[in-house]
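> Coordinates only, no sequence provided:
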């Protein structure tokens with residue numbers, strides 16, 4: 001009986017070891033390209049916690065990224081989860097449309113001008129640029145373009161984004177559970193102002 005149990009344990013360890021080694025043997029270029037591809041089309045549900053000054057907010061979050069557009073909304077679940085009312089919504093396609101509560105709008109100050117706005121094409125160009133510069137990313141596990149720096153982990157996943165300008169230092173930290181995005185933390189001048197906990201993410 002003991003020999004059977006030991007044999008079973010050894011088999012499990014060997015199978016687990018094969019799985020791990022197989023994962024590590026995947027070329028880093030393939031890992032990176034697969035990761036970037038996931039950012040092209042995905043759907044995310046989770047919880048967003050905003051903490052700015054004396055303002056606290058905890059709401060359901062929905063994000064939908066298609067090839068041409070990005071839609072983000074914060075909302076209450078509604079009665080029995082039906083017909084939630086959006087508190088905040090951002091839609092990015094050929095232009096960027098924002099619908100914000102007055103409190104958040106006042107905290108943000110000026111809404112980005114049309115020349116500063118991100119569009120769906122801008123997001124796709126950013127992903128394409130990362131794909132085109134994959135050799136640098138694989139070699140250094142980081143890449144920088146002007147005032148934006150991206151850091152990658154050993155599995156070639158984006159783990160940190162740093163943005164510096166004359167006014168503020170902005171940082172995103174991304175955490176993963178296996179291959180799936182699990183949590184995002186957003187900092188301004190080293191103060192965490194937003195945390196997103198992912199309940200479900202579905203890729204194309």
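Noted; the coordinates are in hand. Bear in mind that the values here come from a model prediction, so they are computed numbers and not experimental data.

> Is residue 196 bridged to anything, and to what?
Beta-bridge partners recorded for residue 196 (DSSP bridges): residue 48, residue 184.

> again with the one 5 residues further on
When bridges are called by DSSP bridges, residue 201 pairs up with residue 44.

> ok, how many other residues are close to it?
15 (other C-beta atoms under 10 Å). Backbone N, C-alpha and C define where each C-beta goes, glycine included.

> do residue 128 as well
Residue 128: 12 neighbours (other C-beta under 10 Å).

> what does the one 4 residues further on give?
Around residue 132 there are 9 other residues, counting by other C-beta under 10 Å.

> what are the phi and psi values for it?
Reported as degrees, to the nearest 10, the phi and psi values for residue 132 are phi -70, psi -30.

> excluding its backbone neighbours, what's nearest residue 175?
In space, and not counting its chain neighbours, residue 175 is closest to residue 183: 4.2 Å by C-beta to C-beta, 6 or more residues apart in numbering.

> all strands of this structure, in order?
Assigned by DSSP state E, the strands in the chain fall at 42-52, 55-65, 70-75, 86-92, 96-99, 142-145, 148-152, 158-164, 169-177, 180-188, 191-203.

> Ok, which of those strands comes nearest residue 136?
strand 142-145 (5.4 Å; C-beta to C-beta).

> Note down every partner strand of that closest one and its orientation.
Strand 142-145 is paired, per DSSP bridges, with strand 148-152 (antiparallel).

> Tell me the buried residues in the strand it pairs with?
For strand 148-152, the neighbour count (16 or more other C-beta atoms under 10 Å) marks 150-152 as buried.

> Nearest to residue 97 among those residues?
residue 150 (26.7 Å).

> and the gap between the closest one and residue 196?
18 Å (C-beta to C-beta, to the nearest Å).

> what's around residue 121, how many residues?
With other C-beta under 10 Å as criterion, residue 121 counts 12.

> should've said residue 30
10.

> For it, list the residues it contacts.
Residue 30 makes no contacts at all, as judged by C-beta atoms under 8 Å, 6 or more residues apart in numbering.

> In CSV, list the strands of the chain along with mean pLDDT and distance to residue 121.
Output for the strands of the chain, formatted as CSV (pLDDT from 0 to 100; distance: least, C-beta to C-beta, whole Å):
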stretch, mean pLDDT, distance to residue 121
strand 42-52, 90, 18
strand 55-65, 88, 13
strand 70-75, 87, 11
strand 86-92, 78, 10
strand 96-99, 73, 12
strand 142-145, 94, 17
strand 148-152, 95, 17
strand 158-164, 93, 20
strand 169-177, 93, 21
strand 180-188, 92, 23
strand 191-203, 92, 21
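
> Tell me which of those sits nearest to residue 36.
Of those, nearest to residue 36 by C-beta to C-beta is strand 158-164, at 8.5 Å.

> Having no further points to raise, I will conclude here.
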